[in-house]
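A predicted structure for the sequence below; I have some questions about it.
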Amino acid sequence: MSATDTLTYGYSFASLLKSSASSSELFLANYSELPSSNLPCFFEGSISNPYIVSRCLIALANVVKSNYIITQAQLEAMRDPIVTVGGEQIRFEGFSQCAGVYARVDVTEEGQSEAFVASGTTNVDFNQEMISALGRVGRGSDFALHVGSKSIEVTTELHKVTEKKVTLPTRWVKSLTAVQHYMAHSHHHTTLSRLQAIQLFRSIPKGIVKTDYYLIHRANRYSFSPMAQNGALLIGAINRLRLLEPLLPLLRELKVYEHKDVYTPNNQ
């Protein structure tokens, strides 16, 4: 190998493990092939379909603020998505406060323009000002996005909102590992059209649901039923799916994935 074929890695700091009497923190250094590895900005550009992206981010914020397990006394007001830039896409993701629901919004290469400056991740708080600004984004609006190491900034015709970096909850760190393992062992079960998805959500029972339901397919129509039958897919905590209802008018299709350990009536 010649000298020109040799890749030299340079890090801005050494990876380290900081320990105290109550906790330990691991800091991993990263390498960037760009001339500067300390760039404060990861992405600077505009979103191609601002209306859909803004509605997806509002739905994500609603997931993060939701709670299905912990008590009201334990509930903290937080809407803190994780924002990751890399691989020519922008990813927003987060968990409900009980870590029982995971949601992700990916803005792929065709969904944005301008410049990916560097790869990186930040965790910010979507407060009411940000939610209100996203709610005012129309189908013909401009939507500029700046993702940095310490904040993200959204600029529309009427508003410019900056959200500062916040501390990532410890339970989210554990949940991020668990959800990747879970998704890796899931496989595609079925794909619903827009009309089928709308009909399906109409079959979600009203009020608090305390029993499991099953996704069934009959006469080209999907619905939820409390009764198991051959080929049905078990759906636990069905009321949590209502978090997706605001996105139904925007979808083209709905893909359902099944985990390998999920019980179905014909695999007992």
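Yes, it's here.

quick one: the closest residue to residue 134 other than its chain neighbours from residue 230, how far?
Nearest-residue entry for residue 134: residue 54, 4.2 Å, with adjacent residues in sequence omitted and distances by C-beta to C-beta, 6 or more residues apart in numbering. Where you see a C-beta, it was placed from the backbone N, CA and C, and this is true even at glycine. Applying C-beta to C-beta, to the nearest Å, the value for residue 54 to residue 230 is 42 Å.

do residue 224 as well
Here the criterion is C-beta to C-beta. By it, residue 224 lies 16 Å from residue 230.

who has more neighbours out of the two?
Comparing residue 224 with residue 230 by other C-beta atoms under 10 Å, the one with more neighbours is residue 224, at 20 against 9.

settle this for me: residue 93 is touching residue 101, isn't it.
No: with contact defined as C-beta atoms under 8 Å, residue 93 does not reach residue 101; the gap is 11.5 Å.

what's near enough to touch the residue nearest the centre of the chain?
With distances taken as C-alpha atoms, centre = their mean, the chain has residue 104 as the residue nearest its mean C-alpha position (1.9 Å). In this structure, residue 104 makes contact with 60, 91-93, judged by C-beta atoms under 8 Å, 6 or more residues apart in numbering.

what helix or strand does it sit in?
Element membership of residue 104 [criterion: DSSP states H and E] is strand 102-107.

give me the sheet partners of that strand and which way each runs.
Strand 102-107 sits in its sheet next to strand 89-95 (antiparallel), going by DSSP bridges.

tell me the mean pLDDT over the strand it pairs with?
What strand 89-95 shows for mean pLDDT is 89.

quick check, distance from that strand to the centre of its chain.
4 Å (C-alpha atoms, centre = their mean, to the nearest Å).

what does it contact?
43, 56-57, 60-61, 63-64, 79-85, 101-109, 112, 145, 147, 171-172, 175.

identify each buried residue in that strand, please.
The neighbour-count check on strand 89-95 (16 or more other C-beta atoms under 10 Å) flags 89-95 as buried.

stretch 159-177 now?
Judged by neighbour count using 16+ other C-beta under 10 Å, the buried positions of stretch 159-177 are 161, 163, 165, 169, 172, 175.

any idea how far the fifth one is from residue 234?
To tie it back to what came earlier, the one meant is residue 172. In this structure, residue 172 and residue 234 are 26 Å apart, going by C-beta to C-beta.

what does the third one give?
Per C-beta to C-beta, residue 165 is found 39 Å from residue 234.

ok, residue 95 next?
Residue 95 sits at a distance of 22 Å from residue 234 (criterion: C-beta to C-beta).

now residue 80
Using C-beta to C-beta, residue 80 is found at 31 Å from residue 234.

more neighbours, those two?
Regarding residue 80 and residue 234, a neighbour count based on other C-beta under 10 Å identifies residue 80 as having more, with 24 against 15.

quick check, the more buried one in a strand?
No: Residue 80: not assigned to a strand; according to DSSP: H, G, I helix; E, B strand; the rest coil it is coil.

which residue sits closest to it, ignoring its sequence neighbours?
Leaving aside its sequence neighbours, residue 80 is closest to residue 125 (5.0 Å, by C-beta to C-beta, 6+ apart).

could you report the neighbour count for that neighbour?
Using other C-beta under 10 Å: residue 125 sits among 17 other residues.

hang on, isn't it packed against residue 163?
Yes: checked against C-beta under 8 Å, the pair residue 125 and residue 163 is within contact range at 5.7 Å.
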